[in-house]
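S.K.: This is a predicted model, with the sequence first.
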There are 2 protein chains.
Amino acid sequence: MSRGAILSEADIIQGYLAPLASEFAGAHGLRDDAASLSPPAGMDLVATMDAIAAGVHFFGDDPAADVGWKALAVNVSDLVAKGALPYAYLMSLAFPETPTLEWLEGFAAGLGEAQSAFHLSLIGGDTDRRPGPLSITITALGLVPRGGLVPRGGAKPGDRILVSGTLGDAALGLRLRSRDFPWTMAQEQHAHLSARYLRPQPRLGLVPLLRAYASASMDISDGLMKDLGRMAALSGVGARVQVEALPVSSAARSCLAQDPDVVAIIATGGDDYEVLATVPARVAGEFKVAAADAGVQLTDIGFIEVGSGVVLADAGGRAVALPRVGYDHF
Amino acid sequence: MSRGAILSEADIIQGYLAPLASEFAGAHGLRDDAASLSPPAGMDLVATMDAIAAGVHFFGDDPAADVGWKALAVNVSDLVAKGALPYAYLMSLAFPETPTLEWLEGFAAGLGEAQSAFHLSLIGGDTDRRPGPLSITITALGLVPRGGLVPRGGAKPGDRILVSGTLGDAALGLRLRSRDFPWTMAQEQHAHLSARYLRPQPRLGLVPLLRAYASASMDISDGLMKDLGRMAALSGVGARVQVEALPVSSAARSCLAQDPDVVAIIATGGDDYEVLATVPARVAGEFKVAAADAGVQLTDIGFIEVGSGVVLADAGGRAVALPRVGYDHF
């Protein structure tokens, strides 16, 4: 991002951001000090807040449209995992220098694509210039029927553990992006991993199904093992996952074939933004079928048990050793 | 802020932030991925988002408790100006390095004081380490009766213009803090200006009165003239303010007596976080009396007129020349 035309705060807001708020009456065209929302009667509002920063969660030279998409997608991912339908969001932008028109156009276009895909609208926020990395902080608001939020801490012994999509792709995409990628594969497999890193895909089709079936749910952002560990700890249970059951893309399978240690990336790499859910064993099959009908692949990877801790087991029942367990920001 | 004991993200959240969320059931002890809120029937939710960063909105060595207070107060100030009762907030923290226990304790204590004073609770957020200044981004949520948000753009010709409290104190407090303060005064006047810079005071007593009386309202954060200009522009009107009517503290009056140019600081300096409201002339007196009963001083500083632009007039009716009009972040 280089310095371009000098823009005022009002230019940025009215020129690039207000169009993203034009269909939500309570956003007041981003011209007021606050937005107003009238949640439908009988609904709870679900609120989550996540920031992404250049050099930490994305690369400063990632396409601006992908940065916009990711900033919104990582927040919508949390709403979806809670069984909440996306509703609206606020966004705080911190620019180290005035962004170029080109960057702003791309960023707003990516946000616009994400809004259309996830069905929510910008309603407010804040734009600032300050030192440090370009940062985008979003508060996303969703709706669930009253009391319907799907908790993280509800897993019960005997529940099956299911994950959406495939694991490890985004972490491998990050390795590819960082040019620390010793594995060979077809061009379209490269493209798949890159896209998975740049454009997380919240599984909106799961929203009503999580409410109907899941005893616990969260999104996987810091790696399967770490996030499953959090779910198990909060639920007061243990979890056992079969390594051969972990769902992987053909690109990740190709890496694994060349280097068995890639299993650690799959089990602990960050940025999956897939749903991790537990369901009573008797409805696991029904949940999977309903998800497939909604266009989302779910894979049964293991089960919840009495106890504590998370075990990743191989086909022979032995624990798979992992070098580290997920990402901590400190 | 220096590096102290090494804390994990979970230590920070569970040790220092979760106690701030303990009285709000839908915050789930900050252990879930999102909060749930059940706004009372018939109420709109009002949402606003503002960030403060070290070196921009506060000094890195300001007392941590004051930083916590300010981060929340600047957001509550927006809710109050909209006629909304504070309800809950989410907070995203970006630390350039792991904060010390002492800093975290002070910060959480300041937030706790602000929560008690403003009657709202932490319900969620995000904590991250990344380069750049320590930044605190808050999304504050408030409640108004359905359709009751007091707009920025509703000022009508003939309306009186009122402001709460006194103007310029925080900008003078910043000058004092920056050791760029050529004026002499009593120690307690120094202390007053410093406190006004460090601890903005949202005027909660005005919440129901703004809904009852105001045609337009906003908080003054970038200086009276700039913010009144925004209100007038959005309302499609002009505004005329009498310089001798601007409410000032004894400390600011002392600066003015030593240097008439201080009028520019009073009329354009940032960080007042006072309410700027317009009301039909026939109810202006009633509004003032009701505010005084609620413990808030309001001052009538001028009126709205047909036209555009904002004039600061002296007692002789001449426009007062001002060197610059308020703060722009770009």
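M.R.: Thanks, I have the structure now. Numbers count the residues shown, from 1 in each chain, chains lettered A, B, ... in the order given.

S.K.: what about residue A:19, how many residues close to it?
M.R.: The burial count assigned to residue A:19 is 15, neighbours taken as other C-beta atoms under 10 Å in any protein chain shown. Every residue, glycine included, has its C-beta placed from N, CA and C.

S.K.: Nearest spatial neighbour of it, chain-adjacent residues omitted?
M.R.: The shortest distance from residue A:19 to any non-neighbouring residue, by C-beta to C-beta, 6 or more residues apart in numbering or on different chains, is to residue A:108 (7.2 Å).

S.K.: which residue sits closest to the residue of the stretch 1-150 of chain A found nearest chain B, ignoring its sequence neighbours?
M.R.: Scanning the stretch 1-150 of chain A for the residue nearest chain B gives residue A:132, at 1.6 Å (criterion: C-beta to the nearest C-beta). The spatially closest residue to residue A:132, leaving aside those adjacent along the chain, is residue B:132, at 1.6 Å (C-beta to C-beta, 6+ apart).

S.K.: May I ask which helix or strand encompasses the one you found?
M.R.: Of the helices and strands defined by DSSP states H and E, none includes residue B:132.

S.K.: same check, this time on residue A:190
M.R.: Using DSSP H and E, the element containing residue A:190 is helix A:187-198.

S.K.: Against which helices or strands is that helix packed?
M.R.: When contacts are defined as 3 or more C-beta pairs under 8 Å, 6 or more residues apart in numbering or on different chains; DSSP states H and E, helix A:187-198 sits against helix A:64-81, helix A:169-177, helix A:250-258.

S.K.: Just the buried residues of it, please?
M.R.: Of all the residues in helix A:187-198, those buried under the rule 16 or more other C-beta atoms under 10 Å in any protein chain shown are A:189-190, A:192-194, A:196-198.

S.K.: cool, stretch A:98-114 as well?
M.R.: A:98-100, A:103-104, A:106-114.

S.K.: same thing with stretch A:277-293?
M.R.: So stretch A:277-293, judged by 16+ other C-beta under 10 Å, has buried residues A:277-279, A:283-284, A:287-288, A:290-291.

S.K.: what does that stretch contact?
M.R.: A:81, A:150, A:154-156, A:158-164, A:205-206, A:209-210, A:212-217, A:231, A:235, A:297-298, A:300, A:303-304 (C-beta atoms under 8 Å, 6 or more residues apart in numbering or on different chains).

S.K.: Can you show me the strands along the stretch 151-300 of chain A?
M.R.: For the stretch 151-300 of chain A, the strands defined by DSSP state E, counting those that start in this stretch occupy A:160-164, A:216-220, A:238-242, A:274-279, A:298-305.

S.K.: average pLDDT across the last one?
M.R.: When the per-residue pLDDT values of strand A:298-305 are averaged, the result is 98.

S.K.: quick one, it and strand A:238-242 angle?
M.R.: Orientation check (axes from the mean of the first three to the mean of the last three C-alpha atoms, to 10 degrees): strand A:298-305 against strand A:238-242 gives 140 degrees.

S.K.: list the helices and strands strand A:298-305 packs on?
M.R.: Judged by 3+ C-beta pairs under 8 Å, 6+ apart, strand A:298-305 is in contact with strand A:160-164, strand A:238-242, helix A:281-293.

S.K.: Alpha carbons only: can I get stretch A:84-92 in CSV?
M.R.: Written as CSV, here are the backbone C-alpha positions of stretch A:84-92 (Å, rounded to 0.1, in the frame of the first residue of the first chain):
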residue,chain,number,x,y,z
ALA,A,84,-26.6,-17.2,14.3
LEU,A,85,-27.6,-15.7,11.0
PRO,A,86,-25.4,-12.7,10.1
TYR,A,87,-27.2,-9.4,10.5
ALA,A,88,-24.9,-6.4,10.5
TYR,A,89,-21.4,-5.3,11.4
LEU,A,90,-19.3,-2.3,12.5
MET,A,91,-15.7,-1.8,11.3
SER,A,92,-12.8,0.1,12.8
